[in-house]
Structures are given as structure tokens and as C-alpha cells.
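> No sequence on hand, only this structure:
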């Protein structure tokens, strides 16, 4: 349960325009879709996908760190890590199980089978879109457990796109269609309050001192 007094206290350190901007952005945020990335070796790709999630309104990014240690490339993410929730998993199976428990169907992105084309993808179901490594693509573990597969139509000689490019194309398409639909895709009032609190904390430089002062007074 969100402490509304605490939220009001923290937002007192923000400008009115900043608070209004939070509300405007949150109107377009969604957990109807989420993105999952499997052991992406190139750090800039993880950061670029995070940036696409932020720009197009997907609130959560799931990163599996089974093989490679990770850090967020802050230069390419360009602050997106402040506004997107990053869920980290040490195995692909943990990631799949967790997302299923949250009500998501598992959708694998792969150009090498009878996948559904992007423009034909059914946006009505809560979906976790999985992206694989740069060279091998998604592991058989994901494809075998997936509820469906998705691919971008291509008409050139090249078989595949860079993962960050593919993610940007797919995220932009499905979120645009989602916002044009009659589906209940928005964050809940409680989720909005949670994000307002987190974003306020992320926006205040000396947050530890501010928090200590609040709790000392309350």
C-alpha cells in the first residue's frame, strides 16, 4: 500500500511541470505487454531495447543473465533505466515461469518457422515478447515452451535484423495498436501511484537524506 503522505512529501520537491509530465507519461504506460531478452552479449543492444520500451510505453523489461554478466549501458539507455522496471533472472526457465505466473503468454520472435507476421499478431492477450541472442537467436528452451511465434515481414536478401532494431519495430507496432484499441491496457491506479513514488525518488538527487528527514518527522 502506497503511503500517500510520503508521496505528497516527495513530490513537494518536484516542480509542477515535472509532476504533470509524470502523469502524462503514465497515461500511456502499460503492463499488457512486456519484453524479455535472453543472454544478449552486446550491452548496447540491451540498453537500446530498454530505451525502446521507455519511448513506446512498455513499463517492464526482463533480462536473463544466465551466461554473461550485465550492466546497463547508461549512455545508450539515456536515462531510460530511471523510468523502466528491469527484472533480472539467472535462468531462462525462471523468467518463463515468472511471466506465466503473472498471466502472460510466451511469444518467441524468430524468422525461421511458420511464425505469425507482426501485422497479424493478436494484441488482445497479455504477452511477453522474447528476443534471443545476436547470433543464435532464441534458444530451443524458449521456442518449445512458447505459446506462439512472431516475425517481422522482410522482402530483402537479409534474413534478420539486429535485435535492437527488431525490438523497436515490434514494440512500436503492438503498442500503437494497443492504444488504438478498446482493451483495458492502462496501468491500474495502484500501479500509477507506485510509479509516481518511484519516479519521484529517482528524480531527487539527495533522496537518502530527504527520506531520513521524513521518517524522523513521522
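All right, it came through fine. The shown structure was predicted, so the numbers you read here are calculated from the model rather than taken from an experiment. Numbers count the residues shown, from 1 in each chain.

> burial count for residue 16?
Neighbour count for residue 16, taken as other C-beta atoms under 10 Å: 8. C-beta coordinates here come from the backbone N, C-alpha and C atoms, glycine included.

> Now do it against residue 23, distance only.
To residue 23, residue 16 is 11 Å away according to C-beta to C-beta, to the nearest Å.

> need the strands for the chain, in chain order.
33-38, 60-64, 85-89, 105-109, 116-117, 127-131, 148-151 (DSSP state E).

> Could you take those and lay them out as a markdown table, with extra columns for mean pLDDT, mean neighbour count and distance to residue 174?
Formatted as a markdown table, the strands of the chain follow (pLDDT from 0 to 100; neighbours: other C-beta atoms under 10 Å; distance: least, C-beta to C-beta, whole Å):
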| stretch | mean pLDDT | mean neighbour count | distance to residue 174 |
| --- | --- | --- | --- |
| strand 33-38 | 94 | 25 | 6 |
| strand 60-64 | 93 | 22 | 14 |
| strand 85-89 | 91 | 16 | 18 |
| strand 105-109 | 96 | 22 | 10 |
| strand 116-117 | 94 | 12 | 12 |
| strand 127-131 | 96 | 25 | 8 |
| strand 148-151 | 94 | 19 | 9 |
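
> quick one, which of those is nearest to residue 203?
Distance to residue 203, taken as C-beta to C-beta, is lowest for strand 85-89 among those, at 15.8 Å.

> Now do that closest one and strand 60-64, the angle between them.
Counting by axes from the mean of the first three to the mean of the last three C-alpha atoms, to 10 degrees, strand 85-89 lies at 20 degrees to strand 60-64.

> partner strands of strand 85-89, parallel or antiparallel?
Strand pairing for strand 85-89, using DSSP bridges, gives strand 60-64 (parallel).

> Identify the residues contacting the partner strand?
The contact list for strand 60-64, computed with C-beta atoms under 8 Å, 6 or more residues apart in numbering, reads 31, 34-40, 46, 49-50, 53, 70, 84-92, 95, 98-99, 128.

> How far away from the center of its chain is that strand?
For strand 60-64, the separation from the chain centroid amounts to 7 Å (computed by C-alpha atoms, centre = their mean, to the nearest Å).

> any idea of the angle it forms with strand 33-38?
Using the same axes, to 10 degrees, strand 60-64 lies at 20 degrees relative to strand 33-38.

> Compare the strands of the chain and report which one is nearest to residue 214.
Among the strands of the chain, the nearest to residue 214 by C-beta to C-beta is strand 85-89 (23.4 Å).

> returning to that earlier point: I'd like the strands of the chain as a markdown table, with distance to residue 168 appended.
Listed next are the strands of the chain as a markdown table, based on distance: least, C-beta to C-beta, whole Å:
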| stretch | distance to residue 168 |
| --- | --- |
| strand 33-38 | 11 |
| strand 60-64 | 13 |
| strand 85-89 | 18 |
| strand 105-109 | 12 |
| strand 116-117 | 17 |
| strand 127-131 | 11 |
| strand 148-151 | 14 |
